[in-house]
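sharing a sequence plus its predicted fold:
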Amino acid sequence: MLRVARDRLLLPSVMAALLILALAYWWLDNGPHELFGTAMFGLLGWHLTMNRRWFLKLRNGRYNARRWLILVTHVWLGITMTVLIVTSVLISRSVLSFAQFSNDVTIIELHWFSAYWVAIIVAVHAGTHWTRVMTVAGAVFRLSPSRTRSGVLRLAALLLLGLGAWSFTVLGVSTKLMFGYSLEFWDFTSGVSPFFAYWATVMAGVAVLSHYAMICLRLLNKTGICKTEDQT
(Lines give C-alpha, C1' and ligand atoms only; values in the text may rest on other atoms or scores of the structure.)
Protein backbone atom coordinates (compact mmCIF):
# COMPACT_ATOMS: atom_id res chain seq x y z
CA MET A 1 0.00 0.00 0.00
CA LEU A 2 2.87 2.37 0.75
CA ARG A 3 4.26 1.75 -2.72
CA VAL A 4 0.87 2.57 -4.25
CA ALA A 5 0.67 5.76 -2.17
CA ARG A 6 4.15 6.74 -3.32
CA ASP A 7 3.40 6.14 -7.00
CA ARG A 8 -0.21 7.42 -7.04
CA LEU A 9 -0.07 10.29 -4.53
CA LEU A 10 3.44 11.41 -3.59
CA LEU A 11 5.09 11.22 -7.02
CA PRO A 12 2.42 13.23 -8.91
CA SER A 13 2.26 15.78 -6.08
CA VAL A 14 6.03 16.33 -6.15
CA MET A 15 5.98 16.69 -9.95
CA ALA A 16 3.20 19.27 -9.75
CA ALA A 17 5.09 21.18 -7.05
CA LEU A 18 8.28 21.19 -9.15
CA LEU A 19 6.31 22.43 -12.16
CA ILE A 20 4.86 25.36 -10.19
CA LEU A 21 8.32 26.13 -8.76
CA ALA A 22 9.81 26.14 -12.26
CA LEU A 23 7.18 28.68 -13.37
CA ALA A 24 8.67 31.15 -10.87
CA TYR A 25 11.58 31.85 -13.22
CA TRP A 26 11.95 35.53 -12.37
CA TRP A 27 12.23 34.67 -8.68
CA LEU A 28 14.50 31.62 -8.98
CA ASP A 29 16.78 32.79 -11.81
CA ASN A 30 17.94 30.39 -14.51
CA GLY A 31 20.03 27.88 -12.52
CA PRO A 32 17.38 26.73 -9.99
CA HIS A 33 14.73 26.94 -12.71
CA GLU A 34 16.59 24.38 -14.83
CA LEU A 35 17.35 22.16 -11.83
CA PHE A 36 13.68 22.00 -10.81
CA GLY A 37 12.70 21.35 -14.42
CA THR A 38 15.29 18.58 -14.79
CA ALA A 39 14.09 16.95 -11.56
CA MET A 40 10.50 17.09 -12.85
CA PHE A 41 11.50 15.45 -16.16
CA GLY A 42 13.34 12.74 -14.23
CA LEU A 43 10.27 12.00 -12.10
CA LEU A 44 8.14 12.05 -15.26
CA GLY A 45 10.26 9.21 -16.64
CA TRP A 46 9.66 7.28 -13.42
CA HIS A 47 5.93 8.03 -13.59
CA LEU A 48 5.71 6.74 -17.18
CA THR A 49 7.62 3.60 -16.23
CA MET A 50 5.27 2.91 -13.32
CA ASN A 51 2.23 3.33 -15.57
CA ARG A 52 3.53 1.60 -18.71
CA ARG A 53 0.72 -0.98 -18.56
CA TRP A 54 -1.78 1.77 -19.42
CA PHE A 55 -0.17 2.11 -22.85
CA LEU A 56 -0.36 -1.64 -23.41
CA LYS A 57 -4.12 -1.62 -22.79
CA LEU A 58 -4.97 1.07 -25.34
CA ARG A 59 -6.23 -1.47 -27.91
CA ASN A 60 -8.31 -3.37 -25.39
CA GLY A 61 -11.95 -2.74 -24.61
CA ARG A 62 -14.58 -0.41 -26.00
CA TYR A 63 -14.09 3.35 -26.29
CA ASN A 64 -16.83 5.60 -24.94
CA ALA A 65 -16.78 9.41 -24.61
CA ARG A 66 -15.05 9.23 -21.22
CA ARG A 67 -12.26 6.97 -22.45
CA TRP A 68 -11.75 9.06 -25.59
CA LEU A 69 -11.42 12.19 -23.43
CA ILE A 70 -8.79 10.51 -21.27
CA LEU A 71 -6.88 9.39 -24.38
CA VAL A 72 -7.01 12.87 -25.95
CA THR A 73 -5.80 14.39 -22.67
CA HIS A 74 -2.83 12.01 -22.56
CA VAL A 75 -1.91 12.68 -26.20
CA TRP A 76 -2.28 16.43 -25.67
CA LEU A 77 -0.11 16.27 -22.56
CA GLY A 78 2.45 14.10 -24.33
CA ILE A 79 2.80 16.58 -27.21
CA THR A 80 3.14 19.66 -25.00
CA MET A 81 5.55 17.89 -22.62
CA THR A 82 7.69 16.81 -25.58
CA VAL A 83 7.81 20.40 -26.84
CA LEU A 84 8.74 21.56 -23.34
CA ILE A 85 11.57 19.03 -23.03
CA VAL A 86 12.98 19.75 -26.50
CA THR A 87 12.91 23.52 -26.03
CA SER A 88 14.43 23.10 -22.56
CA VAL A 89 17.41 21.32 -24.08
CA LEU A 90 17.76 23.87 -26.87
CA ILE A 91 17.80 26.98 -24.63
CA SER A 92 19.54 25.50 -21.58
CA ARG A 93 22.12 27.84 -20.04
CA SER A 94 22.93 25.96 -16.83
CA VAL A 95 22.42 22.20 -16.92
CA LEU A 96 23.60 22.02 -20.56
CA SER A 97 25.70 25.20 -20.55
CA PHE A 98 28.46 23.43 -22.49
CA ALA A 99 26.17 23.03 -25.50
CA GLN A 100 24.06 26.22 -25.85
CA PHE A 101 22.21 25.02 -28.92
CA SER A 102 20.06 28.09 -29.50
CA ASN A 103 19.27 31.58 -28.30
CA ASP A 104 16.31 32.09 -30.63
CA VAL A 105 13.53 34.22 -29.10
CA THR A 106 10.89 32.13 -30.86
CA ILE A 107 12.12 28.96 -29.13
CA ILE A 108 12.10 30.75 -25.78
CA GLU A 109 8.50 31.87 -26.41
CA LEU A 110 7.56 28.33 -27.41
CA HIS A 111 9.15 27.06 -24.19
CA TRP A 112 7.03 29.39 -22.04
CA PHE A 113 3.93 28.68 -24.11
CA SER A 114 4.30 24.91 -23.70
CA ALA A 115 5.10 25.26 -19.97
CA TYR A 116 1.84 27.08 -19.24
CA TRP A 117 -0.14 24.58 -21.28
CA VAL A 118 1.56 21.69 -19.46
CA ALA A 119 0.41 23.20 -16.15
CA ILE A 120 -3.20 23.29 -17.36
CA ILE A 121 -3.19 19.84 -18.97
CA VAL A 122 -1.54 18.28 -15.91
CA ALA A 123 -4.46 19.63 -13.89
CA VAL A 124 -6.93 18.18 -16.42
CA HIS A 125 -5.06 14.87 -16.23
CA ALA A 126 -5.27 14.87 -12.43
CA GLY A 127 -9.00 15.57 -12.58
CA THR A 128 -9.67 12.66 -14.93
CA HIS A 129 -8.07 10.30 -12.40
CA TRP A 130 -9.29 12.01 -9.23
CA THR A 131 -11.66 9.17 -8.22
CA ARG A 132 -8.70 6.77 -8.22
CA VAL A 133 -6.61 9.25 -6.24
CA MET A 134 -9.32 9.59 -3.58
CA THR A 135 -9.71 5.80 -3.41
CA VAL A 136 -5.98 5.36 -2.79
CA ALA A 137 -5.97 8.19 -0.23
CA GLY A 138 -8.92 6.63 1.60
CA ALA A 139 -7.16 3.26 1.72
CA VAL A 140 -3.85 4.74 2.89
CA PHE A 141 -5.42 6.81 5.66
CA ARG A 142 -8.03 4.11 6.42
CA LEU A 143 -11.00 6.41 5.93
CA SER A 144 -14.43 4.83 5.95
CA PRO A 145 -17.21 6.22 3.69
CA SER A 146 -18.86 9.28 5.24
CA ARG A 147 -21.66 11.49 3.94
CA THR A 148 -20.39 14.38 6.07
CA ARG A 149 -16.89 14.09 4.66
CA SER A 150 -18.26 13.82 1.13
CA GLY A 151 -20.33 16.97 1.66
CA VAL A 152 -17.34 18.88 3.03
CA LEU A 153 -15.20 17.76 0.07
CA ARG A 154 -17.85 18.89 -2.41
CA LEU A 155 -18.00 22.31 -0.76
CA ALA A 156 -14.20 22.49 -0.84
CA ALA A 157 -14.27 21.58 -4.53
CA LEU A 158 -16.78 24.35 -5.22
CA LEU A 159 -14.58 26.80 -3.31
CA LEU A 160 -11.48 25.72 -5.24
CA LEU A 161 -13.36 26.11 -8.50
CA GLY A 162 -14.23 29.72 -7.61
CA LEU A 163 -10.75 30.54 -6.33
CA GLY A 164 -9.24 28.91 -9.40
CA ALA A 165 -11.32 31.08 -11.74
CA TRP A 166 -10.31 34.20 -9.82
CA SER A 167 -6.61 33.22 -9.77
CA PHE A 168 -6.82 32.46 -13.51
CA THR A 169 -7.79 36.09 -14.06
CA VAL A 170 -5.25 37.52 -11.60
CA LEU A 171 -2.35 35.68 -13.25
CA GLY A 172 -3.59 36.47 -16.77
CA VAL A 173 -3.38 32.79 -17.69
CA SER A 174 -5.56 33.22 -20.78
CA THR A 175 -2.92 35.53 -22.29
CA LYS A 176 -0.13 33.10 -21.42
CA LEU A 177 -1.93 30.26 -23.21
CA MET A 178 -1.74 32.15 -26.49
CA PHE A 179 1.51 31.84 -28.42
CA GLY A 180 3.32 35.14 -28.40
CA TYR A 181 5.51 37.32 -26.25
CA SER A 182 3.84 38.66 -23.13
CA LEU A 183 5.05 41.41 -20.81
CA GLU A 184 2.77 40.18 -18.02
CA PHE A 185 5.11 38.71 -15.41
CA TRP A 186 4.53 38.36 -11.70
CA ASP A 187 6.18 41.08 -9.60
CA PHE A 188 8.02 39.02 -6.99
CA THR A 189 9.09 42.16 -5.13
CA SER A 190 5.46 42.54 -4.03
CA GLY A 191 5.17 38.98 -2.74
CA VAL A 192 6.31 35.43 -3.46
CA SER A 193 3.81 33.16 -1.71
CA PRO A 194 0.74 34.59 -3.54
CA PHE A 195 2.27 33.53 -6.86
CA PHE A 196 2.43 29.89 -5.76
CA ALA A 197 -0.99 30.08 -4.09
CA TYR A 198 -2.58 31.47 -7.25
CA TRP A 199 -1.04 28.82 -9.49
CA ALA A 200 -1.96 26.06 -7.05
CA THR A 201 -5.60 27.18 -7.02
CA VAL A 202 -5.64 27.55 -10.83
CA MET A 203 -4.51 23.94 -11.21
CA ALA A 204 -6.86 22.76 -8.45
CA GLY A 205 -9.79 24.54 -10.07
CA VAL A 206 -9.05 23.00 -13.48
CA ALA A 207 -8.73 19.57 -11.83
CA VAL A 208 -12.12 20.00 -10.14
CA LEU A 209 -13.72 21.03 -13.44
CA SER A 210 -12.14 18.04 -15.17
CA HIS A 211 -13.26 15.66 -12.41
CA TYR A 212 -16.91 16.71 -12.58
CA ALA A 213 -16.83 16.66 -16.38
CA MET A 214 -15.77 13.01 -16.12
CA ILE A 215 -18.64 12.33 -13.71
CA CYS A 216 -21.10 13.89 -16.17
CA LEU A 217 -19.72 11.77 -19.02
CA ARG A 218 -20.00 8.65 -16.86
CA LEU A 219 -23.63 9.42 -16.08
CA LEU A 220 -24.42 10.13 -19.74
CA ASN A 221 -22.78 6.85 -20.70
CA LYS A 222 -24.86 4.94 -18.15
CA THR A 223 -28.01 6.70 -19.34
CA GLY A 224 -27.22 5.76 -22.94
CA ILE A 225 -26.64 2.12 -21.97
CA CYS A 226 -29.92 1.99 -20.04
CA LYS A 227 -31.86 3.44 -23.02
CA THR A 228 -30.25 0.89 -25.36
CA GLU A 229 -31.21 -1.98 -23.03
CA ASP A 230 -34.79 -0.70 -22.79
CA GLN A 231 -35.10 -0.55 -26.57
CA THR A 232 -33.88 -4.12 -26.92
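Yes, it's here.

so for the longest helix along the chain, mean pLDDT?
Looking across the chain with DSSP state H, the single longest helix is helix 193-231. Averaging pLDDT along helix 193-231 gives 84.

now do stretch 147-154
86.

now stretch 124-142
pLDDT averaged over stretch 124-142 gives 84.

ok, now stretch 176-189?
77.

start and end of it, how far apart?
Start-to-end span of stretch 176-189 (CA to CA, to the nearest Å) is 21 Å.

likewise for stretch 179-195?
So stretch 179-195: terminal residues 22 Å apart, CA to CA.

so how far is it off the chain centroid?
20 Å (CA atoms, centre = their mean, to the nearest Å).

again, but for stretch 83-101
The answer for stretch 83-101 is 23 Å, by CA atoms, centre = their mean.

flag every buried residue along that stretch.
Across stretch 83-101, burial judged by 16 or more other CB atoms under 10 Å covers 83-85, 87-88, 90-92, 95. The way it works is simple: take the backbone N, C-alpha and C, and place the C-beta from them, glycine included.

again, but for stretch 206-216
Buried-residue list, stretch 206-216, by 16+ other CB under 10 Å: 206-212, 214.

got a list of contacts for it?
With CB atoms under 8 Å, 6 or more residues apart in numbering as the contact definition, stretch 206-216 has outside contacts at 66, 69, 120, 123-128, 130-131, 157-158, 160-161, 164.

which of the buried residues of stretch 83-101 lies closest to Thr189?
Ile91 (25.4 Å; CB to CB).

and the closest one, what does it touch?
Neighbour list for Ile91: 101-104, 107-108, 111 [criterion: CB under 8 Å, 6+ apart].
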